[in-house]
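Asks: show me how the following folds:
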Amino acid sequence: MVKQNFVGTVLRTALGECKVRVERHVEHARVHKLVPFHKSFIVHDPKQAAKPGDVVRIQSIKPITPIKYFAVAEIIQHGMRAFNPATGREEAYIPDGFVKDYSKFPAQKPKKGRR
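Replies: Here you go, the predicted structure:
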């Protein structure tokens with residue numbers, strides 16, 4: 001059986017696990033615009049290598065707990081980190097909102113008669 005793979009951003013980490021947000025865009029059938037969707041997964045990370053803001057690839061595994069059925073396969077890109085003078089620590093910068101990727105969809109033609 002083929003294992004599921006997703007690419008997402010690490011939101012937070014804990015002891016041996018992390019929370020990953022997977023974003024995707026689907027073209028609406030009637031309006032023909034990209035509609036964003038997201039889902040968060042609790043992911044097994046035994047090495048504790050992933051840090052908040054990192055882009056990781058997660059892969060399905062045999063369920064460890066009822067809510068943990070994915071594991072970190074690889075870290076694709078390390079996230080941006082900045083020094084926070086208020087806390088005195090280096091923290092991850094996680095941008096809000098969706099990053100739209102229009103490369104999967106053909107260019108749309110302008111509608112006639114409308115501006």
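Asks: what's the burial count for P66?
Replies: Residues near P66, counting by other Cβ atoms under 10 Å, number 7. Placement of C-beta: from N, CA and C, glycine included.
Asks: okay, it: pLDDT?
Replies: pLDDT recorded at P66 is 94.
Asks: which secondary structure element contains P36?
Replies: strand 34-44 (DSSP states H and E).
Asks: pairing partners for that strand, with directions?
Replies: Strand 34-44 has its sheet partners listed here by DSSP bridges as strand 17-27 (antiparallel), strand 68-77 (parallel).
Asks: what's the closest of these to K3?
Replies: Closest to K3 of those is strand 68-77 (Cβ to Cβ; 9.0 Å).
Asks: what comes up buried for that closest one?
Replies: Across strand 68-77, burial judged by 16 or more other Cβ atoms under 10 Å covers Y69, F70, A71, V72, A73, I75.
Asks: and that strand, how far out from the chain middle?
Replies: Mean-position distance between strand 68-77 and its chain equals 11 Å (Cα atoms, centre = their mean, to the nearest Å).
Asks: re the thing from before, turn the buried residues of strand 68-77 into a markdown table, including distance to T87 and pLDDT.
Replies: Shown next, in a markdown table, are the buried residues of strand 68-77 (distance: Cβ to Cβ, whole Å; pLDDT from 0 to 100):
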| residue | distance to T87 | pLDDT |
| --- | --- | --- |
| Y69 | 33 | 95 |
| F70 | 30 | 97 |
| A71 | 30 | 96 |
| V72 | 26 | 96 |
| A73 | 31 | 95 |
| I75 | 24 | 94 |
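Asks: contacts for the helix or strand of the chain with the lowest mean pLDDT, please.
Replies: The helix or strand of the chain with the poorest confidence is strand 89-92; it has a mean of 72 (mean pLDDT, DSSP states H and E). The contact list for strand 89-92, computed with Cβ atoms under 8 Å, 6 or more residues apart in numbering, reads K51, P52, G53, D54, G79, M80, R81, A82, F83, N84.
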